[in-house]
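1. Below are the sequence and a predicted model for it; my questions follow.
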Amino acid sequence: MPPHAEKVYKNFWTAWDGDTMNRIFRLGIANIRRRKTESVLLALMVMLCMLLLGGSVAAEQTARCIFPDMMERTGAWDHEITYTAQSDDPVFAEYLAEDDRVADYAHFNYLFSMSMLMQDQSGKEQSSMMCFITEQNEKQYEIYRPVSAWTDAEIAAAAHPIRIPLNQKDSLRLKEGDPFVLTLGAKKFTFTVIGFYETSFFSYGQYLISDADYAVLRPLCTEAAGFGFKAAAGIDSDGLNAICSDFEQKCRNTPGTQFEACSLTDYQLKKDNFNTDIVFILRFLEVMAGVIILSVAVMIGHRIITDIQEQIVSIGVLEALGYRSGEIALSYAAEYFLIAQAGCTAGTAGALVLYRVLVKIAEYLSGYASGRSICWQTLLICFAAVLLFSTLLAFMKARSVRKYPPVTAFRKGIGTHHFGRSHFPLRKTKGNVHLRLALKGFADNAKQNIRLTFVVSITTLAVVLSFILYGFLGKGSNVVLSIAGHEMSDLQLEIMPAVDAGSFAAELESMPEIRKVLPRTESMDMSVVGCNFELMADVFDDYTRTENIHPCDGRFPAHDNEVMLTKTASSAVKLTTGDSITLECGGVRRDYLITGIVTAFINADSVYFTADGYRRLVPDFAYNLFEVYVSEDMDPAEVRSLLDQKYGRSAASLGAETENSGSLEERIRQRAEQVTAALMQQEGITHLDYAIQIGDQIITGDSSKIMIKDYMNWPEMVTSLLSTLVTATGILTRLFMVISAVVVMVLLFILMKSEIRRQRRTLGIMKSMGYTSRELMLQLAFRIMPAAALAVVIGTVLGVTATKLLVNYIGAVPVNLPSIIAVDILILLFCFGCAYFGARHIKKISVYELMTE
Amino acid sequence: MASILHTEKLCKSFSNGGVQQHVIKNLDLEIREGDFTVIMGASGSGKSTLLYALSGMDKPTLGKVFFGGEDISEYTNDQLAVFRRRHCGFVFQSIYLLDSMNVFDNILTGALVAQQNSPELVQKTETLLKKVGIGEDMWKKYPNQLSGGECQRVGIVRAIINEPEILFADEPTGSLNSASSTDVLDIFTELHNKGQSIVMVTHDLKTALRGSRVIFLHDGAVVGEHAMPPYGTEDAAARREGLQKFLDSMGW
């Protein structure tokens, strides 16, 4: 052990006997009593630190396990290959069976719809991606775990039974017997909730319905088929991609099928890398706890140094009475041990509450319930770390009493002696003497200013970052949607394949209710040659007309040999602007030049083509979607009903029609249109003529009236998906700003209070010379301003830089510099206000008492 | 001579642990312009308390203090601070220089609160410092690098830099050795000879001899007064004897 450390060790342990420790604790308690307000404030800071640290670390531990736990509980397949059920064939199972790289597999089907509306408990309809599965398919998919308060007889008696995923029980506030209403077009489907079931199905709600209801919904939804499978040992992600790609090739070559492509979901990878958005928030909380503990360190250091200077004579007396300097240092450590202990205890109680809140948010964001309880060891480690840090820091700081043997202490040390250069000499004062004196005071307290700059910088960083994130997420999803990297129009139409997209778009654009129409195509996956990575194609004719796609590097593709990638895709394929990329789709390979990179958080693995560019890969491509932007003050729902009036109902809503009224011919025509719509939607028929004979009467018609296949409301769906994140971010960013303000306030309050104690004599002398309390308060407040201004600049630069780093994760976060400068000014004013308010204790300094003491 | 300061029924009491201590009791006193008033009395007689009440350092419990006809006893603390900077100068027993500032800045701290900085002010500071024997080599020194006498001389320059109408001094030689005391007292005498009104508290006979009027305080009340011609205008022994006789009669 080095001699220095040995001495500390000796000081500590020689003091460790009952009587001495009793004396030490009594001294510590006396100090706390002497400075009650400061001690309470310090305990409050420790409490905040413990609350944030304990709550967030424990919650992170739980949040990270939510999905993996769910995967374990449900026994779901590690990997999944899906494709449209239309192209399914029983022979496909054999392709997996004969593949040595596949250990086990099971086949399943499910339905999904993006145009159904779900009615919540208040009767309000909301867009949501809906997925339906039967019990038999669910058993293929994962271990079936139903939960219900009902008896088997009650369940059997229920009309249109539906089981809701267990994780949606709370969010949808449903219980057994409640109606569960879905709307498609004019048709309402009312199910009866018979219970819940635990499912690991990722992304959106998967509802378990009866075979009969599945058959009813089948023509109205898209049916997906797929295989869940377990790969043989040693198969990595490249191996999985190879399995998928070989499977796809075999399926495509199967005679009599119209197989196009399939997609691979690697749940095992998702399980290993599971990270909900909450982890991002939790990290923020942990950083905030770090900021607070650093502030606490600054406060403890400053308080102890000030206290030693103030109590120097008493320390000398104690030493003269036989106290060792180590014991006195330990009394300081005891004081901060007691304060930190009180703070940590209160903080632990708060951490338990915060933990519950954070886990709840994590459950909402991930979509799964957590079966875990809080990890007490984590909480205890946090408790011990904060307590130990505060106590050790106090002890190390307090060891400076060694510099004052009794005689030096009686002479008040040499702490007040100055020998150095005089900063800001008053003979050069040009304007206000108070400002000059403040600058002089600032220059004389270099160490304190460095600490202050450090803490205020970090708190400013937290405030600026919170402010930017609040502007981005906290105020609602509009800003998020504006930079989604995925076009978010007011209304998305899926058009019938036979429709001439160009003329139909022009026709729609001529309507005064519609501002703009952008034809678009989204395709199935295509692979990047050479790196086993699959991308989704997004095709627009003119990207300059899009509103949510912004390249963060380079430019939009403009020619047929140009594409643009998302940032995620660019990182995955390790190609960037200016590089060439070879894409393959349906056996066709083409080279493209990457002209730009887009930040995107929806469909983050997209490749953006021009229409001509996409046609090189898929020669028979035709636009299948319209992004419709309604005119100002128009409601998308109104525009939708206008389109219904003008072009008839969409195929999807026609298919769901059950109304039977009017004359026989009308009823037959209605029914014929329904069948036409269902055939076009389900079987890919592009045009249909019909002739129906009833006796002598022949009723004829065709499908040309049906222009619109379906409607989708993406912004509403995304808003619904983002709502929890938006709410949580809103609350947390505001909370961060409040906590930062509290940290700065308490720090400045304690700094000012100890500064006034330290400078009591000087301030008293200045009062006797005629300086008013207000002038001295201004001087003290101005004294911290250079450090605060520097700190705000540093904090802002760091905050904006940190925001730029976030681009890699969540896209181009808009940074509004004027508003950040306004925030900076507010922070500075706040610092000044806190310092001025903290300095009000100057008023209590009595010149008379000082003179006569 | 005109009155510069007077009190009416001035009372000052302190409360300590519920016990009231009346230090100044219904005191009527007049301080005349140009006088060198010395306040004497036994320890605890209320000398310093009276000085601080007269100078606006402290507020009276009851009664009034008038400065040039204006009642300052009703002033707020900040108003009193402004009053002090405009009209008063202070010299303390403990000197109370600002440890973190050098000699020059110590003086300018007192000066700049009452007036704007100017070359004349700097010139005046230099002149006064030289006059009290603080050479240029000491101007950049800090208080801990000076002797007690040098510090007190700096303290006096700080007190008179704003040309106060009245200069208050509380035992200005109390912490100085004999040689330094004489130097400091000489400065006071010179100031008085130039017409400066001075109120000084002391319990030292040698110091009191510099005054032109000695007031004796007992239990917070003026019990006696002794007038003297300006210092140096009469025989020193006679002056000493006269004052000694007065003090003896006061039971000092």
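-> Perfect, thanks for sending it. Numbering: from 1, shown residues only, chains lettered A, B, ... in the order given.
2. State which one residue of the stretch 151-300 of chain A is found closest to chain B.
-> For the stretch 151-300 of chain A and chain B, the shortest gap (C-beta to the nearest C-beta) falls at A:V298, measuring 21.8 Å. Just so you know, the C-beta spots here come from the backbone N, C-alpha and C atoms, and that holds for glycine as well.
3. where does that residue land on pLDDT?
-> A:V298 carries a pLDDT score of 84 in this model.
4. any idea how far the strand or helix carrying A:A741 is from the chain center?
-> Per DSSP states H and E, A:A741 falls inside helix A:714-758. Distance, stretch centre to chain centre, for helix A:714-758: 15 Å (C-alpha atoms, centre = their mean, to the nearest Å).
5. Which strands or helices does that helix pack on?
-> Based on contacts counted as 3 or more C-beta pairs under 8 Å, 6 or more residues apart in numbering or on different chains; DSSP states H and E, the elements that helix A:714-758 packs against are helix A:36-74, strand A:125-127, helix A:277-310, helix A:325-366, helix A:446-469, helix A:478-482, helix A:773-810, helix A:817-838.
6. and B:S181, what is it in contact with?
-> Going by C-beta atoms under 8 Å, 6 or more residues apart in numbering or on different chains, B:S181 touches B:G149, B:T173, B:K206, B:T207.
7. Tell me, how many residues neighbour the residue in the stretch 1-150 of chain B positioned nearest to chain A?
-> Residue of the stretch 1-150 of chain B nearest chain A, by C-beta to the nearest C-beta: B:R85 (2.4 Å). Neighbour count for B:R85, taken as other C-beta atoms under 10 Å in any protein chain shown: 22.
8. ditto for B:D186
-> 14.
9. That one and A:R402: what is the separation?
-> 46 Å (C-beta to C-beta, to the nearest Å).
10. Likewise for A:R545?
-> 75 Å.
11. Surely the residue of the stretch 1-150 of chain B closest to chain A touches A:K767?
-> No - with contact defined as C-beta atoms under 8 Å, B:R85 does not count as touching A:K767 (10.2 Å).
12. Contacts only, for whatever residue of the stretch 151-252 of chain B ends up closest to chain A.
-> Using C-beta to the nearest C-beta, the single residue of the stretch 151-252 of chain B nearest to chain A is B:D170, 7.0 Å away. B:D170 is in contact with A:M851, B:S48, B:L51, B:Y52, B:F90, B:V91, B:F92, B:Q93, B:M200, B:V201, counting by C-beta under 8 Å, 6+ apart.
13. Pairing partners for it in the sheet, please.
-> Per DSSP bridges, the residues bridged to B:D170 are B:V201.
14. where does it land on pLDDT?
-> pLDDT at B:D170 comes out at 90.
15. Between the two ends of stretch A:423-443, how far is it?
-> Counting by C-alpha to C-alpha, to the nearest Å, you get 6 Å between the two ends of stretch A:423-443.
16. which sections of chain B are below the confidence cut-off?
-> Along chain B, the parts satisfying pLDDT under 70 run over B:1.
17. tell me which residues in the longest helix along it are buried?
-> Across chain B, the longest stretch assigned as helix under DSSP state H is helix B:178-193. Burial within helix B:178-193, assessed by neighbour count using 16 or more other C-beta atoms under 10 Å in any protein chain shown, is assigned to B:S180, B:S181, B:D183, B:V184, B:L185, B:I187, B:F188, B:T189, B:L191, B:H192.
18. returning to that earlier point: among the contacts of B:D170, which ones are in strands?
-> Among those, DSSP state E puts B:F90, B:V91, B:M200, B:V201 in strands.
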